[in-house]
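In: Just to be clear, the model below is a prediction. Sequence and coordinates:
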Amino acid sequence: MRWRALPQPQATDPLRRRGLQRLVRGLLGLAALPVLPLWPGSSAQAQRMVSGQLLSLPDMLAPLLQGASALAQDVRLVLPILADNGYLVPVTVQVQSPMTPTAHVTHIYLLSQRNPATQMAVFHLGPWSGRAEVSARVRLAGSQKVVALARLSDGSFRYQSQDVIVTESACVDGS
């Protein structure tokens, strides 16, 4: 049996190599564009993230109310006054409503005064829910006011707010 030498690899064409490098750089650059915070279509702008800034109660409610008024009644917001860890803060919202087909709660919104995204959660309810009560765990970016806003089937709004002191913040980055 006779051994043959394998063909030696030839030097690649420098133009081809540069072309491939440019193509890879371009693709990586395009892939990075949606995560840039200043990109016009970024989720941070779409959600109006304002990390670290304290919003006033009217600023928090205005996008949802769209000119309607909200009454500070019929909503019970339960969350700790002092939260050791902002990563898991338990929240319970109860709204007084008969939950009948003609009079019921349609939405419950949890709003944050300081989080990057003001709207932390939205719960869709109806007469099938039985009662207007939801529980969740939320992340809080420092001490702030938390608001529970309920939308009723007649188009009216009810809310309650509560201040919470957070010793270890969560979600402080707006990206």
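Out: Perfect, I can see it now. Numbering: from 1, shown residues only.

In: alpha carbons only for contacts and neighbour counts from here, please
Out: Will do.

In: domains of the protein?
Out: Structural domains assigned to the chain are 14-43, 51-166, following automatic domain parsing.

In: Confidence-wise, which helix or strand of this protein is lowest on average?
Out: Here the helix or strand of the chain ranked lowest by mean pLDDT, DSSP states H and E is helix 43-46, holding a mean of 45.

In: contacts for whichever helix or strand comes after it?
Out: Beyond helix 43-46 on the C-terminal side, the first helix or strand identified by DSSP states H and E is helix 57-65. Contacts of helix 57-65 with the rest of the structure, by CA atoms under 8 Å, 6 or more residues apart in numbering, involve 111, 112, 113, 118, 157.

In: ok, of those, which one's closest to residue 97?
Out: residue 157 (12.1 Å; CA to CA).

In: what sits against that closest one?
Out: So residue 157 contacts 65, 68, 69, 70, 71, 149, 150, 151 (CA under 8 Å, 6+ apart).

In: Keep only those of those residues that are in helices.
Out: Counting by DSSP state H, the contacts of residue 157 place residue 65 in helices.

In: among the contacts of residue 157, which ones are buried?
Out: Those of the contacts of residue 157 that meet the buried threshold are 65, 70, 149, 150, 151, by 16 or more other CA atoms under 10 Å.

In: Right, I'll call it a day here.
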